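Q: Prediction below, plus the sequence it came from.
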Amino acid sequence: MNSPTTSLPAVGFIGTGIMGKSMASHLLKAGYQLHLFNRSPEKAKALVEQGAIWHSSPKELAAHCDVIITIIGYPKDVEEVYLGVDGILAGAKPNCIAIDMTTSSPALAVRIAQLAREHQVFVLDAPVSGGDIGARDARLSIMVGGEPSAYECVLPIFQCMGNNIALLGPAGSGQHAKLCNQIVIASTIMGVCEGIRYAQAAGLDALAVLKVIGSGAAGGTQLNVQGPRMIKGDFAPGFMAEHFVKDIGLAIESAEQMGLHLPGLEQAKQLYQLMLDDGMARDGYHALYQLYLANKV
């Protein structure tokens, strides 16, 4: 791959959803030649109008790129996009660096990285945290697993999308770190829901309570950002509940493989499954609060 200091690499981007469209836009604005593929072409239309180049498959895209970024839905999608007949490895050039920013299975990340080396391709797993706002403002936290040399090559690309970036170990390490993130959020959101309902039951102004406790030991993104949204009934997705349930499932599966029992996470999974059963799969994950409002927990 050409050094970014002398010639910007051609970058492929697969997955222009809620977060991906903003992330790809930052790369385009930074001067990278941007190649696109998305299962729903209409979601990439605005970027194509800004100068990105459309391709009909991951394989076709890969043939034109030095770096390829994916941020898609589920592990099965990741497996197909990387390993399928029309996938990235079928078309990637030698020494290409592929970066999967999907929250996916650590074991799958390891397998893809191993298979990619047989094609002389480097694959980093680099899931992100920060939601749609972090993606829009290029303030994502990016957790990376993989080869240090590949990481150093694409660090300028990461810096276009995030401001808290770390290489945490070999392949799979980024995914493990992201699952830690989701484990913490899952139980924290339950606590925020219960704290708000307690305040309301006590006859307090819940927004005023959040303002006070949000500057103390209870403060944090889930309380300070999602808490007011819950109270105001704003459940628009920065990150959809169905994807959060997927992440919780991945974390439980990975924990079981390591012999860990995480009772808080298992309780969260039960509550979030109630959300999905109640038709809220595409609401934001903070819409869990609606179950508390309806006395369904």
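A: Done, it's in.

Q: Packing partners of the helix or strand hosting residue 256?
A: Using DSSP states H and E, residue 256 sits within helix 241-257. Counting contacts by 3 or more Cβ pairs under 8 Å, 6 or more residues apart in numbering; DSSP states H and E, helix 241-257 packs against helix 106-117, helix 173-201, helix 263-277. Backbone N, C-alpha and C define where each C-beta goes, glycine included.

Q: Including mean pLDDT, mean neighbour count and distance to residue 36, could those helices go into JSON lines?
A: Shown next, in JSON lines, are the helices and strands packed on helix 241-257 (pLDDT from 0 to 100; neighbours: other Cβ atoms under 10 Å; distance: least, Cβ to Cβ, whole Å):
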{"stretch": "helix 106-117", "mean pLDDT": "98", "mean neighbour count": "20", "distance to residue 36": "21"}
{"stretch": "helix 173-201", "mean pLDDT": "97", "mean neighbour count": "20", "distance to residue 36": "23"}
{"stretch": "helix 263-277", "mean pLDDT": "96", "mean neighbour count": "16", "distance to residue 36": "30"}
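
Q: and those helices as CSV, adding distance to residue 127?
A: Formatted as CSV, the helices and strands packed on helix 241-257 follow (distance: least, Cβ to Cβ, whole Å):
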stretch, distance to residue 127
helix 106-117, 9
helix 173-201, 4
helix 263-277, 17
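
Q: mind checking which of those helices is nearest residue 150?
A: Nearest to residue 150 among these is helix 106-117 (9.8 Å), distances taken as Cβ to Cβ.

Q: Packing partners of that closest one?
A: Under the contact definition 3+ Cβ pairs under 8 Å, 6+ apart, helix 106-117 sits against helix 75-83, strand 97-100, strand 122-125, helix 173-201, helix 241-257.

Q: quick revisit: averaged pLDDT, the helix holding residue 256. What do you get?
A: Mean per-residue pLDDT for helix 241-257: 96.

Q: I'd like to know how many residues surround residue 296.
A: For residue 296, the number of neighbouring residues by other Cβ atoms under 10 Å comes to 12.

Q: ok, now which ones touch it?
A: Shown in contact with residue 296 (Cβ atoms under 8 Å, 6 or more residues apart in numbering): 274, 278.

Q: Who is the residue nearest the centre of the chain paired with across the strands?
A: The residue lying closest to the centre of the chain (Cα atoms, centre = their mean) is residue 128, at 4.5 Å. Beta-bridge partners of residue 128, counted by DSSP bridges, are residue 142.
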